[in-house]
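[1] Predicted model, plus sequence, below.
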Amino acid sequence: MKSTTRHLTFTIPERMDFLNITPQVREIVAESGVQEGLCLVNAMHITASVFINDDEPGLHRDYKKWLEELAPFDPSPDKYHHNRTGEDNADAHHKRQIMGREVVVAITAGKLDFGPWEQIFYGEFDGKRPKRVLVKVLGE
Amino acid sequence: MKSTTRHLTFTIPERMDFLNITPQVREIVAESGVQEGLCLVNAMHITASVFINDDEPGLHRDYKKWLEELAPFDPSPDKYHHNRTGEDNADAHHKRQIMGREVVVAITAGKLDFGPWEQIFYGEFDGKRPKRVLVKVLGE
Amino acid sequence: MKSTTRHLTFTIPERMDFLNITPQVREIVAESGVQEGLCLVNAMHITASVFINDDEPGLHRDYKKWLEELAPFDPSPDKYHHNRTGEDNADAHHKRQIMGREVVVAITAGKLDFGPWEQIFYGEFDGKRPKRVLVKVLGE
């Protein structure tokens, strides 16, 4: 069994935005030498997501509007109890639950076994500071 | 370490519907010969889901109504920017995020290690055409 | 390859509540002897979740309010078709889809490879009875 672990760091300049991290994950899988296995990619912060969807700017704009409707940013302690702790990011903890923490991707014949449009995104909901993503490759 | 990879194809006659694919996954796990391991099942398309829940038609009807409320179908480019690309399926990209892309199931003593009501579903949100599901079994 | 399987049972006194199960998962990982691998933690019931987020009571209160807005408890068969079966827990099947069934966590150097605030929770949406969580550790 082979395994490879990498911790990537991203600083997203916006509060909420999505970054295509497929190239970085592909490179880690190639370096791992794993031919058949699984690749876990997860946000290490609880106000961020890793998810798989389309690399289309209009869709990303739609997602942001939709997430803002489902869990609006509101730094006041009235809307969210979490913000009574001095934090202002309760909305980000909610948005992350909709978009998910992690993806698990199959590795087949040394490559991410993807459908035609699958791309891996880091989803940031409380940005403007360095945050980490873990990539773990396991297989043979 | 053993691994098995299968790509299944489904054509769902409705735009949105759920198909119980537990029998197919069970068969692949049996064929793999894996006694202890993990089984990843994921949609390879970004307007579809794989999820685990109850095989109860009333619940599936409830899910469809709820998903339609959370992310209504609207082919116009006014509601969703994604539909300015010529697509009409922005809603399907949203519904898939609620229901999830994938499940990871434990294999114990050669079988899917399931609670009494767990069943694996393919969730289609933009159907009427062939789409693929990946099953990857890893273990020993 | 090593593997360890444990089935934990929890009885949550409330209908909806969240329980930090990180200590139990850590112990199972330590006992497994796995240094590099993956740890799957999933609800075995379809009205419950396992998710990773913050151990902050205000946030948990926010989550409960938000989930109740997204999928309100209503035992009547009018709001949810599922409740025509004699069940009253259709809302719980919906809440579980928002919060997710499972998490997959990397094991690095014998430990859960976690960011500073990541904690694993069992999320109950139809409690007051014993329900099970599966922990599967795979690696070397």
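    Perfect, I can see it now.
[2] Find the residue closest to A:His45 in space, skipping its chain neighbours.
    Nearest non-adjacent residue to A:His45, counting by CB to CB, 6 or more residues apart in numbering or on different chains: A:Lys131, 4.6 Å away. From N, CA and C alone the C-beta is placed, and that goes for glycine too.
[3] Just grab the bridge partners of that neighbour for me.
    A:Lys131 forms beta bridges with A:Phe10, as assigned by DSSP bridges.
[4] That one: what's it in contact with?
    Counting by CB atoms under 8 Å, 6 or more residues apart in numbering or on different chains, A:Lys131 touches A:Thr9, A:Phe10, A:Thr11, A:Ile12, A:Ala43, A:Met44, A:His45, A:Ala48, A:Glu124.
[5] Spell out, range by range, the helices that occur in chain A.
    Using DSSP state H, the helices of chain A run over A:22-32, A:57-70, A:90-99.
[6] could the ones you listed be laid out in TSV, adding mean pLDDT?
    Formatted as TSV, the helices of chain A follow (pLDDT from 0 to 100):
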stretch	mean pLDDT
helix A:22-32	98
helix A:57-70	98
helix A:90-99	98
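[7] In a markdown table, list those helices along with mean neighbour count and distance to chain B.
    Output for the helices of chain A, formatted as a markdown table (neighbours: other CB atoms under 10 Å in any protein chain shown; distance: least, CB to the nearest CB, whole Å):
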| stretch | mean neighbour count | distance to chain B |
| --- | --- | --- |
| helix A:22-32 | 16 | 13 |
| helix A:57-70 | 18 | 3 |
| helix A:90-99 | 25 | 6 |
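[8] dump the residue contacts of A:Ser32.
    A:Lys2, A:Ser3, A:Thr4, A:Val137, A:Gly139 are the contacts of A:Ser32 under CB under 8 Å, 6+ apart.
[9] and the fourth one, bridged to which residues?
    So the one you mean is A:Val137. Beta-bridge pairing for A:Val137 (DSSP bridges): A:Thr4, A:Cys39.
[10] and it, what pLDDT?
    With respect to pLDDT, A:Val137 scores 98.
[11] Can you give me the distance of it to A:Ser3?
    6 Å (CB to CB, to the nearest Å).
[12] of the two, who's got more company?
    Taking other CB atoms under 10 Å in any protein chain shown, A:Val137 and A:Ser3 do not tie; A:Val137 has more neighbours (25 against 20).
[13] what's near enough to touch the more buried one?
    A:Lys2, A:Ser3, A:Thr4, A:Thr5, A:Ile28, A:Val29, A:Ser32, A:Val34, A:Gly37, A:Leu38, A:Cys39, A:Ile107.
[14] just A:Leu67 next, same as before
    A:Met16, A:Lys95, A:Ile98, A:Met99, A:Phe125.
[15] rerun at 7 Å
    Contact analysis of A:Leu67 by CB atoms under 7 Å, 6 or more residues apart in numbering or on different chains lists A:Lys95, A:Ile98.
[16] Repeat that for the one 5 residues further on.
    With contacts taken as CB under 7 Å, 6+ apart, A:Pro72 has the following neighbours: A:Asp91.
[17] okay, it: pLDDT?
    pLDDT, A:Pro72: 98.
[18] now swap in A:Lys128 and tell me
    98.
[19] which bits of chain A sit near chain B?
    Contact residues, chain A versus chain B (CB under 7 Å from any CB of the partner chain): A:1, A:36-38, A:51-54, A:56, A:58-59, A:61-62, A:66, A:98-100, A:103-104, A:106, A:108, A:113, A:115, A:117-118, A:139-140.
[20] From those, list the ones also adjacent to chain C.
    A:Met1, A:Leu38, A:Ile98, A:Gly100, A:Val104.
[21] pretty sure A:Lys136 contacts A:Thr5?
    Yes: under the criterion of CB atoms under 7 Å, A:Lys136 makes contact with A:Thr5 at 5.4 Å.
[22] Give me the common contacts of the two.
    C:Ala106.
[23] the more surrounded of the two?
    Ranked by neighbour count (other CB under 10 Å), A:Lys136 and A:Thr5 place A:Lys136 first, with 28 against 18.
[24] which residues sit in contact with the more buried one?
    Contacts of A:Lys136 by CB under 7 Å, 6+ apart are A:Ser3, A:Thr5, A:Leu40, C:Leu38, C:Ala106.
[25] Can you tell me the number of residues neighbouring the third one?
    Other residues within reach of A:Leu40 by the criterion other CB under 10 Å amount to 21.
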